[in-house]
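In: Here is my input, please return the structure:
(4 chains)
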Protein chains: 2
Amino acid sequence: MKENAIRVLVVEDHQIVRQGLVALLSVADDVEVVGQASDGMEAVKEFEARQPDVTLMDLRLPKLSGVEAIQRIRSRYSNARFIVLTTYDGDEDIYRALQAGARAYLLKGMSVDVLLSTIKSVHAGKSIIPPAIAQKLAERMASEPLTQREQEVLEQIVRGKSNKEIGSELGVSEATVKTHINNLLGKLGVEDRTQAATAAIQRGLVQLDPKGGIRL
Amino acid sequence: MKENAIRVLVVEDHQIVRQGLVALLSVADDVEVVGQASDGMEAVKEFEARQPDVTLMDLRLPKLSGVEAIQRIRSRYSNARFIVLTTYDGDEDIYRALQAGARAYLLKGMSVDVLLSTIKSVHAGKSIIPPAIAQKLAERMASEPLTQREQEVLEQIVRGKSNKEIGSELGVSEATVKTHINNLLGKLGVEDRTQAATAAIQRGLVQLDPKGGIRL
DNA sequence: CATCGTTTCCACCTATAGATGGAGAAGACA
DNA sequence: TGTCTTCTCCATCTATAGGTGGAAACGATG
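Out: Predicted coordinates:
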């Protein structure tokens, strides 16, 4: 146990990456890893048990997503501080994580030095959002959000369904589906459903499941 | 420097993950990390300089992909042994890596124990391919490969181009594009271009642009 | 040389997608 | 209450996509 060290909780589902992070942080004498979690539920439990100063959080987690975990924890511990650490997810994840209260967003390509200094800054109460990401965020804020129904239709498009299939899937007529599609194409700034599908994947509006289905 | 240890080269572009891997492997006394590289070109250089027993290789690398790096190295050192280490890439990458001569394919979700035992097995000359991946591979082998032209058309589809646009892009008539699309839809086992686009992304046949600007 | 696969193109046809303009019902909200 | 948004649906039209069958040119391969 280190004296006066920043107490850090590491949440990451890939064991190798998690253990690597822990190993790296362990050598820094002003940071102490007080807990680890490999999914969202565990993260909430560990947070409550350890009360870390800063939580390093991956976004893609089993059981409970990183965003949801942040929300749950912050609903009770409003001053909890999070650094989101991910590979290269879509804008949507960044947006939601920062909305949920994350103080910083780091890519795994970052150096260890940057990681450590970010931990210190966030612990000191600062927010670290790289300019490039801040700009993306501004763009995303400016663009109209999709309605619930439009989001559902978009997911079906990514699944490869035809308008007719989407209609029967959602229990509405094909005409309604067309209306929604026309609206969402405009909002996404694309010309057809194929562009909508790739844009949705790229922006993180819909996730492709690694195996072959779709994950929300 | 450890005695009788397996000499390992670690190739991974994400600094945090790479340094984490190195930290993890360093504590094992029968494995020694003799070099690191963060892109494909560096990997080739490091391999030649260090002559490692086993190379841990990420597939998505700047400058030169992991697959190409493996090919280049094996063209001169045919007994070089590789373990491909990745997050959850498409089938196509797995296929190509194993074709290129990788002896094992591991996901980053694997435990450190599995990683270490895989290193030992591969060093001993074995090949470790998880049954689930072997099956995927068999499926891929069975399915007809796309021709060069079909691949090009597929890429344009993913980029959201219409048949007419694809035609002028590739310098052929729209009719030709339609023919290629009809053929590739059959080969991919999908019904329309939207399904083709998502399938291509999912299977790793086409990579989406690494996002418009968020790289740090 | 003959065959096979690839690439190129055509005509013709049907099905689906997308654009446009309109409209009614339900809930949220000031 | 009036307004706004969302969700629903319709008709109509045009453009694009996709299916089918056929065919010519080319290179590689046996």
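In: switch to C-alpha atoms for all contacts and neighbour counts from now on
Out: Noted.
In: any idea how far DNA strand D is from the residue of chain A found nearest chain B?
Out: With C-alpha to the nearest C-alpha as the measure, A:Gly20 is the residue of chain A nearest to chain B, at 3.3 Å. When C-alpha to the nearest atom of the strand, to the nearest Å is the yardstick, A:Gly20 and DNA strand D sit 43 Å from each other.
In: again, but for A:Thr118
Out: Distance from A:Thr118 to DNA strand D, by C-alpha to the nearest atom of the strand: 37 Å.
In: neighbours of that residue, just the number please.
Out: 20 (other C-alpha atoms under 10 Å in any protein chain shown).
In: Using the three-state scheme, assign it.
Out: Here A:Thr118 is helix, with the state taken from DSSP: H, G, I helix; E, B strand; the rest coil.
In: Run a quick neighbour tally on A:Lys187.
Out: 14.
In: How about the residue of chain A closest to chain B: what's its closest non-neighbour residue?
Out: Spatial nearest neighbour of A:Gly20, chain neighbours left out: B:Gly20 (3.3 Å); criterion: C-alpha to C-alpha, 6 or more residues apart in numbering or on different chains.
In: my hunch is that that neighbour is in a helix, does that hold up?
Out: Yes: assessed with three-state DSSP, B:Gly20 lies in a helix.
In: which residue ranges form the strands in chain A?
Out: Residue ranges of the strands in chain A, as given by DSSP state E, are A:6-11, A:31-37, A:54-57, A:81-86, A:104-107, A:207-208, A:214-215.
In: Need the per-residue pLDDT for the closest residue to A:Ser168 other than its chain neighbours.
Out: Nearest residue to A:Ser168 in three dimensions, chain neighbours excluded: A:Glu174, at 8.0 Å (C-alpha to C-alpha, 6+ apart). Per-residue pLDDT puts A:Glu174 at 92.
In: same check, this time on A:His180
Out: Confidence score, pLDDT, at A:His180: 94.
In: A:Leu216 too?
Out: With respect to pLDDT, A:Leu216 has a value of 26.
In: Equivalent analysis for A:Ala196, please.
Out: 95.
In: what's the neighbour count on it?
Out: 24.
In: what do you get for A:Ser143?
Out: Applying other C-alpha under 10 Å, we find 12 residues neighbouring A:Ser143.
In: that older thread, how about CSV for the strands of chain A, with mean neighbour count and distance to DNA strand C added?
Out: Formatted as CSV, these follow (neighbours: other C-alpha atoms under 10 Å in any protein chain shown; distance: least, C-alpha to the nearest atom of the strand, whole Å):
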stretch, mean neighbour count, distance to DNA strand C
strand A:6-11, 24, 35
strand A:31-37, 21, 37
strand A:54-57, 27, 32
strand A:81-86, 25, 29
strand A:104-107, 23, 30
strand A:207-208, 20, 19
strand A:214-215, 12, 18
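In: Switch those strands over to JSON lines; also include distance to DNA strand D.
Out: Listed next are the strands of chain A as JSON lines, based on distance: least, C-alpha to the nearest atom of the strand, whole Å:
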{"stretch": "strand A:6-11", "distance to DNA strand D": "34"}
{"stretch": "strand A:31-37", "distance to DNA strand D": "35"}
{"stretch": "strand A:54-57", "distance to DNA strand D": "31"}
{"stretch": "strand A:81-86", "distance to DNA strand D": "29"}
{"stretch": "strand A:104-107", "distance to DNA strand D": "28"}
{"stretch": "strand A:207-208", "distance to DNA strand D": "20"}
{"stretch": "strand A:214-215", "distance to DNA strand D": "20"}
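In: so who does the residue nearest to A:Ser168 touch?
Out: Applying C-alpha atoms under 8 Å, 6 or more residues apart in numbering or on different chains to A:Glu174 gives the contacts A:163-164, A:166-168.
In: Tell me the buried residues within those residues.
Out: A:163, A:166-167 (16 or more other C-alpha atoms under 10 Å in any protein chain shown).
In: And whatever residue of chain A ends up closest to DNA strand D, its phi and psi?
Out: Relative to DNA strand D, the nearest point of chain A is A:Val172 (3.2 Å; C-alpha to the nearest atom of the strand). Main-chain dihedrals, A:Val172, degrees, to the nearest 10: phi -130, psi 170.
In: and it, how far is that from A:Gly186?
Out: 21 Å (C-alpha to C-alpha, to the nearest Å).
In: likewise A:Arg103?
Out: From A:Arg103 to A:Gly186 the distance is 32 Å (C-alpha to C-alpha).
In: again, but for A:Val122
Out: In terms of C-alpha to C-alpha, A:Val122 sits 38 Å off from A:Gly186.
In: Of these two, give the one with the bigger neighbour count.
Out: A direct count of neighbours by other C-alpha under 10 Å for A:Val122 and A:Gly186 places A:Val122 higher, at 21 against 14.
In: Does that one touch A:Ile128 like I think?
Out: Yes: applying C-alpha atoms under 8 Å as the test, A:Val122 and A:Ile128 come out as touching, 7.2 Å apart.
In: Need the overlap of contacts for the two.
Out: Counting by C-alpha under 8 Å, 6+ apart, the residues touching both A:Val122 and A:Ile128 are A:103-104.
In: Residues of chain A that sit close to chain B?
Out: A:13-17, A:19-24, A:88, A:90, A:107-112, A:132-133, A:157-160, A:192-195, A:197-198, A:202, A:208-210, A:212 (C-alpha under 8 Å from any C-alpha of the partner chain).
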